[in-house]
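Chemist: Give me a model of this one.
(2 chains)
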2 protein chains.
Amino acid sequence: MEFSEWYSDILEKAGIYDLRYPIKGCGVYLPYGFKIRRYSFEILRKLLDETNHDETLFPMLIPENLLAKEGEHIKGFEDEVFWVTHGGKTPLEVKLALRPTSETTMYYMMKQWIKVHTDLPMKLYQVVNTFRYETKHTRPLIRLREIMSFKEAHTAHATKEDCDAQITEALNLYGEFFDEICVPYIISKRPEWDKFPGADYTMAFDTIYPDGKTMQIGTVHNLGQNFAKTFELEFETPDGEKDFVYQTCYGISDRAIASLISVHGDEKGLVIPVDVAPIQIVLIPLLFKGKEEIVMDKIKELNRTLKSEFRVLLDDRDIRPGRKYNDWEIKGVPLRIELGPRDIENGQALIVRRDTGEKITVEYSNILEEVEKIVSMYKENLKIKADEKIKNFLTVVDFESDVNALSEKVKAALLENKGIILIPFDESVYNEEFEELIDASVLGQTTYEGKDYISVARTY
Amino acid sequence: MEFSEWYSDILEKAGIYDLRYPIKGCGVYLPYGFKIRRYSFEILRKLLDETNHDETLFPMLIPENLLAKEGEHIKGFEDEVFWVTHGGKTPLEVKLALRPTSETTMYYMMKQWIKVHTDLPMKLYQVVNTFRYETKHTRPLIRLREIMSFKEAHTAHATKEDCDAQITEALNLYGEFFDEICVPYIISKRPEWDKFPGADYTMAFDTIYPDGKTMQIGTVHNLGQNFAKTFELEFETPDGEKDFVYQTCYGISDRAIASLISVHGDEKGLVIPVDVAPIQIVLIPLLFKGKEEIVMDKIKELNRTLKSEFRVLLDDRDIRPGRKYNDWEIKGVPLRIELGPRDIENGQALIVRRDTGEKITVEYSNILEEVEKIVSMYKENLKIKADEKIKNFLTVVDFESDVNALSEKVKAALLENKGIILIPFDESVYNEEFEELIDASVLGQTTYEGKDYISVARTY
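Modeler: I've put the predicted structure just below:
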């Protein structure tokens, strides 16, 4: 099955996201999908809170004149902004944009709050819906008109050094987040012609989908003093001088969820990382006539035992075990534990891993410990697999000084290996002309195993 | 100070909400305010999850034809809906409403999901922003154009009995929520002329603000089969017949936060219920020359001890203790613990309660237990106070068969006692004419201490 077909299919079958809403690019996070989102964003929140980011909530509507304040910024967004023009039947005096992102909103307010160096650093974030009037083909959780979950962080600093250090912190933090949700990534410095509108430069996280195309899953922007000058974010330095703040911003969206689904799923369905799995362990009683009570009593006991540490579901529906296996494999539940009369007699239980399909018989008396062990192997394995998956999609080509020869080589490599092609970094081909020549996207400047490359790929 | 002045003032001073945004009725949840919101809505989420409600996320935009589908419903909202008419520079074919509430969105989708009685009950909720083009005076967290936090639950049931039982569950659940955040309430069945547009009937929670005006803080609607018929929510019953589902919906907004602030605050600032306090205990070292290290070592140890159970902040700023007391009193931190060299010598610490101002000297060796005890007294006291506050604002008047005499009596009682006036229930005056006569609002039919009343009040 083609990846994109698999993807649409699994969103529906596993109860992640329903796109049958009468507006293109707008859909519904279903209960199971929402839980994955909730656990994922809780991890992100925790990482942000631990590094002294403050969660806030800013308005969704932006007056036209505020959005237009930063010239580069508005140019980057004006064609894809939804506009509110009426309240009831009354035309509004100033039309209002649905936020495509919140720089202008947040920096307008920062102006009220930042007066002196002791107000800095200011590190704010919010998790909100944002909007883009996408004219391209939309794709659930990947290219939406309503991005349902956008975690955007915005920081302001007193010095360039602090600002640069913040970029490093953000990159580490995002790296840790993607590690925890088992999404592999490559970090690139985006080329000038593809940076965030209004930024000095943009660092981006890309992952690679099973079809070999890359997906941008996180961006970190160094805004320098650009927005600060436009929004007059001046403060008094320790010396009593005036200076503009230095700013960064960085965001992660629903694509994080799309990616953890896409990278690990297989032909049977989802394979969900333990920490974000709505159900981590499903218990399936194997009932035989006359032994129902013994099995149910034992499995309820097991349910209680495991619930102290895990999110467990006891599936006692009156259907055949085979159907249950199938249902939970589609939903990607990490572990399944089967318990029948024979197992009870032998003081055992059977644990089946979703990631490898491996069946492991364990001593019942020791089951919590056994489960912990298998869970930690599952986690480890998903991380290793994530790493392997991206490595298999990385191809280093030798540099050719002849630009046409190089482009042919890159095109051939893209055709054969897909994924990301790494070209030893050279200024001479780091431009839009070369990008056009290879008929693929330049992700940017990428450090890989200590060396500098130009990374190119076909992207989503 | 007048209540409304106190309220605006405290939102700013305590860092709750900033309304200096260039759109009327839109503002910013500041970090401290956001934390109160986060803890409060976490309590609500927990209560909903425990009663098998599934969290979801639905689109924010509603096509005009979908919003207009239910006649009564759209009539109730059409004058206060924001309309999106353009994407970029392109006029949209169908204009899109910013959701004022999500009945139409959710029931359109329920139609895709509900086929047979085993699909029921369906109990969904979401926490989202909603929008009203308020032409009246807006008020932070109370009457907003962007309601930043709206928890809306929507349920569908196979029978009228299940639906009625759901109303009871919702009322209990909301009651428990308001108890936990220490907001006192009176439940009324709203009169016909003030029910939710499209509902069979509406139950509402009102609290009373310090100025004696009531605030609607939660509503529970029995929708019967009204929306189900419009949205064709038909299902197959166990007998193989067709029937329409029975529905309820219920909501709680930012007003919950506004209310916990308003009900308990005093002239010094906020008094926050322990469970939703961003900082539950603040530690203040009393430093004397030469003893700084002893005190700081001890208070850091105390910080570690208390952090195992509470959200604690050690305030080691280099300013005078008096200023610190003041700052944390404004922010309503439940307990303050002071520790100086003398206390350490005596093996003691001083605990100051924000709710009563009481100063309690405790044995340091036993401090975790002492703090637990005081915290639980604080909780208890806030609940008792909440109860007292609403009771002091309830006035029962005798019934008069002469409607003018009755209305004069009610008006006099309102003038003198403010709050809610309870009139023994009588059909003859339960109408809009009487409401006009008394120049106040009929909250509805209220059961109080086992008796039936018509409750009236001046409302926000």
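
Chemist: got the residues of the stretch 101-250 of chain A near chain B?
Modeler: A:105, A:108-109, A:112, A:124, A:128-129, A:133, A:135, A:145-146, A:148-149 (Cβ under 8 Å from any Cβ of the partner chain). Glycine gets a C-beta too; all of them are placed from N, C-alpha and C.

Chemist: What subset of these is buried?
Modeler: Among those, those classed as buried by 16 or more other Cβ atoms under 10 Å in any protein chain shown are A:Thr105, A:Tyr108, A:Met109, A:Leu124, A:Val128, A:Asn129, A:Tyr133, A:Arg145, A:Glu146, A:Met148, A:Ser149.

Chemist: Which parts of the stretch 1-150 of chain A are strands?
Modeler: Taking DSSP state E, counting those that start in this stretch, the strands of the stretch 1-150 of chain A run over residues A:17-18, A:28-29, A:54-55, A:61-63, A:82-87, A:90-98, A:122-131, A:146-157.

Chemist: Now do the contacts for A:Met203.
Modeler: Listed by Cβ atoms under 8 Å, 6 or more residues apart in numbering or on different chains, the contact set of A:Met203 reads A:Ile167, A:Leu171, A:Ile187, A:Ser188, A:Lys189, A:Arg190, A:Thr219, A:Val220, A:His221, A:Asn222.

Chemist: Could you measure from the third one over to A:Asn129?
Modeler: To tie it back to what came earlier, the one meant is A:Ile187. 27 Å (Cβ to Cβ, to the nearest Å).

Chemist: With A:Thr51 instead?
Modeler: Taken as Cβ to Cβ, the span from A:Thr51 to A:Asn129 is 24 Å.

Chemist: wait, isn't A:Ile360 in contact with A:Ile374?
Modeler: Yes: counting by Cβ atoms under 8 Å, A:Ile374 is a contact partner of A:Ile360 at 6.5 Å.

Chemist: Next, show the common contact partners of the two.
Modeler: Counting by Cβ under 8 Å, 6+ apart, the contacts common to A:Ile360 and A:Ile374 are A:Ile351, A:Arg353.

Chemist: Among those two, which residue is more densely surrounded?
Modeler: A:Ile374 (20 against 16; other Cβ atoms under 10 Å in any protein chain shown).

Chemist: Look up how far A:Leu350 lies from the more buried one.
Modeler: Separation of A:Ile374 from A:Leu350 (Cβ to Cβ): 12 Å.

Chemist: Equivalent analysis for A:Pro341, please.
Modeler: In terms of Cβ to Cβ, A:Pro341 sits 13 Å off from A:Leu350.

Chemist: Likewise for A:Glu435?
Modeler: Distance from A:Glu435 to A:Leu350, counting by Cβ to Cβ: 53 Å.

Chemist: How about A:Ile420?
Modeler: Distance, A:Ile420 to A:Leu350, by Cβ to Cβ: 41 Å.

Chemist: higher neighbour count, these two?
Modeler: For A:Ile420 versus A:Leu350, neighbours defined as other Cβ under 10 Å are more numerous around A:Ile420 (29 against 17).

Chemist: got a list of what that one touches?
Modeler: Residues near A:Ile420 by Cβ under 8 Å, 6+ apart: A:Ile186, A:Asp206, A:Ile208, A:Thr214, A:Phe393, A:Leu394, A:Thr395, A:Leu443, A:Thr446, A:Ser455, A:Val456, A:Ala457.

Chemist: how about 7 Å then?
Modeler: Counting by Cβ atoms under 7 Å, 6 or more residues apart in numbering or on different chains, A:Ile420 touches A:Ile186, A:Ile208, A:Thr214, A:Phe393, A:Leu394, A:Leu443, A:Ser455, A:Ala457.

Chemist: The closest residue to the fifth one other than its chain neighbours and B:Glu55, how far apart?
Modeler: This means A:Leu394. Nearest non-adjacent residue to A:Leu394, counting by Cβ to Cβ, 6 or more residues apart in numbering or on different chains: A:Ile420, 5.4 Å away. Distance, A:Ile420 to B:Glu55, using Cβ to Cβ: 36 Å.

Chemist: State the phi and psi torsions of the closest residue to chain B within the stretch 251-400 of chain A.
Modeler: Distances between the stretch 251-400 of chain A and chain B by Cβ to the nearest Cβ are smallest at A:Asp254, namely 9.8 Å. Taking degrees, to the nearest 10, you get phi -50, psi -20 for the backbone angles of A:Asp254.

Chemist: tell me, which helix in chain A spans the most residues?
Modeler: In chain A, with assignment by DSSP state H, the single longest helix is helix A:367-391.

Chemist: Low-confidence stretches in chain A?
Modeler: Along chain A, no part satisfies pLDDT under 70.

Chemist: could you pull out the helices for it?
Modeler: Using DSSP H, the helices assigned to chain A run over residues A:3-13, A:31-50, A:64-67, A:71-77, A:103-113, A:160-180, A:226-230, A:255-264, A:292-307, A:321-330, A:341-346, A:367-391, A:403-417, A:432-438.

Chemist: Need the contact partners of the last one.
Modeler: Spelled out, it's helix A:432-438. With Cβ under 7 Å, 6+ apart, helix A:432-438 has contacts from A:Trp193, A:Val403, A:Ser407, A:Val410, A:Lys411, A:Ser441, A:Val442, A:Val456.

Chemist: Which members of those residues are the farthest-apart pair?
Modeler: In the contacts of helix A:432-438, two members sit farther apart than any others by Cβ to Cβ. They are A:Trp193 and A:Lys411, at 20.3 Å.

Chemist: Cool, thanks, talk later.
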